Structures are given as C-alpha cells and as structure tokens.
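*Asks:* Have a look at this prediction, sequence included:
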Amino acid sequence: DAGVIQSPRHEVTEMGQEVTLRCKPISGHNSLFWYRQTMMRGLELLIYFNNNVPIDDSGMPEDRFSAKMPNASFSTLKIQPSEPRDSAVYFCASSFGPQGGSDEQFFGPGTRLTVL
Amino acid sequence: AQSVTQLGSHVSVSEGALVLLRCNYSSSVPPYLFWYVQYPNQGLQLLLKYTTGATLVKGINGFEAEFKKSETSFHLTKPSAHMSDAAEYFCAVSDRAGNTGKLIFGQGTTLQVKP
C-alpha cells in the first residue's frame, strides 16, 4: 500500500491567491483528518470526515478555509484567499474507523505551504 | 475538555542512556492514549497506544509507555537511546466516551541523542 498521498509536497504562493491541497487516503479507510502544524500552535485538527461526511469542522480557522471529500478516495482542503499567517505544514491522515477513538491514524508526508 | 501536557519541549540524552518523555492528560474519563513520532520532513507515525487492559504498553523501536490513572500520566521510555531515535515525539489523547477518533496532541518533545 502506498500510504496516505498528499499533493503538492510544497506550495509557495502569494497572498490573496487560492490554494488547494489534495489528499488520497489509504484504500478501505473510512475516516479522514486534516491537521495543520506550526511552531506557534503545534498540531491542530482542522476537520475530519467519516464515510465522506464532515463530522467536526470546529477547528477550521475561518471561512477562508473549506474542505471537501467527494468520494472515499479523495479530499481537498482549500484556502481562498490565502494569507501569510496560513503558512504551515498541512497533514492529511486516515484511519480504518470501526474502533473509532482507538484507531491508529496514518499520516501523509504533509504539504508545506508558504504564503508570501 | 481534554488536554495534553508534555513536560519539556526539548530532551537531550547520550547514546545508550535512558529515554524518558513525559506526558500528562486532563480528562474526566481516562481517554485512549497514543504516542506518535515525527522524523524530519515526514508525517507522524504511531509508536504505541493504550486502549484497555495491561497498563504497560510496548511499541515499535523498543519504546514502551505506562498508563497511570492515579497520576493521569502516560510517560514514554526506552532503556537505551540510539542515534536514530532523534525525532519529535507527540503524546495524544482521544475521547473514549465519544469514540470519534478525534486526536488532541501535546505540544511535542524534541529528542536529541548525543554520540
């Protein structure tokens, strides 16, 4: 198995531009999580999906952020418009799901976003 | 609300020495407990987890952790550090009652291993 796949691995953009981050979870996993990692705030859960349905988006910073999961094998996190304070590493993770809270989450390699 | 505190943002040990990384949680109900490791420029990888049963949990790469309910702790140990153990370590909790899989992470501890 290829593991969780994220693209792009690095993204440099200018303030005000739209940014789309992509994630392909491990096949057969039914939970997907988006995290953001910064030096100041550490690892924060932004949103998570179960069976393609958003369950908790309380971590999404503001309306500029949106996430979708149109099918079991693909999810996007979009920032529009982007701001310099959005610069961070964004991780996608997936888990098998049936054990719920005790399931291991498998993390992708992350997307390093820099907003100039 | 649940929270996780990792004592010490940086820990430095000599190769071959004991590794001890501290984690305390705050929760009305003992949560599921996890330790993840992050190597430079990589995603996180599960080291071990505690769900139920034996309170001493063994994980990969020789690490183990002990759940102590009375101390609300889940400290990570390894008897003998190796250079390859240098990484950032995260303690995390998941709500046992809600059973959603939502993880709350500590701030992380960077482990430095000196030759």
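*Replies:* Alright, I've got the coordinates.

*Asks:* drop to CA atoms for contacts and neighbour counts, all remaining ones
*Replies:* Will do.

*Asks:* could you measure B:T72 against B:S14, distance?
*Replies:* 28 Å (CA to CA, to the nearest Å).

*Asks:* residue boundaries of the strands in chain B?
*Replies:* Along chain B, the segments classed as strands by DSSP state E run B:3-7, B:10-14, B:19-26, B:32-38, B:44-50, B:56-58, B:64-68, B:73-78, B:87-94, B:103-105, B:109-114.

*Asks:* okay, these, which one's buried deepest?
*Replies:* strand B:87-94 (a mean of 25; mean count of other CA atoms under 10 Å in any protein chain shown).

*Asks:* packing partners for it?
*Replies:* With contacts taken as 3 or more CA pairs under 8 Å, 6 or more residues apart in numbering or on different chains; DSSP states H and E, strand B:87-94 sits against strand B:3-7, strand B:32-38, strand B:103-105, strand B:109-114.

*Asks:* A:T20 is nearest to which of the strands of chain B?
*Replies:* Closest approach to A:T20 among the strands of chain B is made by strand B:44-50 (21.8 Å; CA to CA).

*Asks:* could you dump the closest one to PDB, C-alpha only?
*Replies:* Extracted in PDB, the C-alpha atoms of strand B:44-50 (Å, rounded to 0.1, in the frame of the first residue of the first chain):
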ATOM      1  CA  LEU B  44       3.700  11.200  12.100                       C
ATOM      2  CA  GLN B  45       4.000   7.500  12.800                       C
ATOM      3  CA  LEU B  46       2.300   5.600  15.700                       C
ATOM      4  CA  LEU B  47       4.700   4.300  18.300                       C
ATOM      5  CA  LEU B  48       2.200   2.700  20.600                       C
ATOM      6  CA  LYS B  49      -1.200   3.200  22.100                       C
ATOM      7  CA  TYR B  50      -3.200   2.300  25.200                       C
END
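
*Asks:* what are the phi and psi angles of the residue of chain B found nearest chain A?
*Replies:* For chain B, the residue closest to chain A is B:G101, as judged by CA to the nearest CA, at 3.6 Å. Main-chain dihedrals, B:G101, degrees, to the nearest 10: phi 90, psi 0.

*Asks:* what pLDDT does the spatially closest residue to it that is not a sequence neighbour get?
*Replies:* Leaving aside its sequence neighbours, B:G101 sits nearest to A:G101 (CA to CA, 6 or more residues apart in numbering or on different chains; 3.6 Å). Note for A:G101: predicted pLDDT of 72.

*Asks:* can you check B:S14 too?
*Replies:* Per-residue pLDDT puts B:S14 at 97.

*Asks:* before we move on, what about the one 3 residues further on?
*Replies:* You'll see B:A17 listed with a pLDDT of 97.

*Asks:* The nearest residue to it once chain neighbours are set aside: what's it in contact with?
*Replies:* In space, and not counting its chain neighbours, B:A17 is closest to B:S80: 4.9 Å by CA to CA, 6+ apart. Applying CA atoms under 8 Å, 6 or more residues apart in numbering or on different chains to B:S80 gives the contacts B:E15, B:G16, B:A17, B:L18, B:V19.

*Asks:* Buried ones among the residues you listed?
*Replies:* By neighbour count, with 16 or more other CA atoms under 10 Å in any protein chain shown, those hold B:E15, B:V19 as buried.
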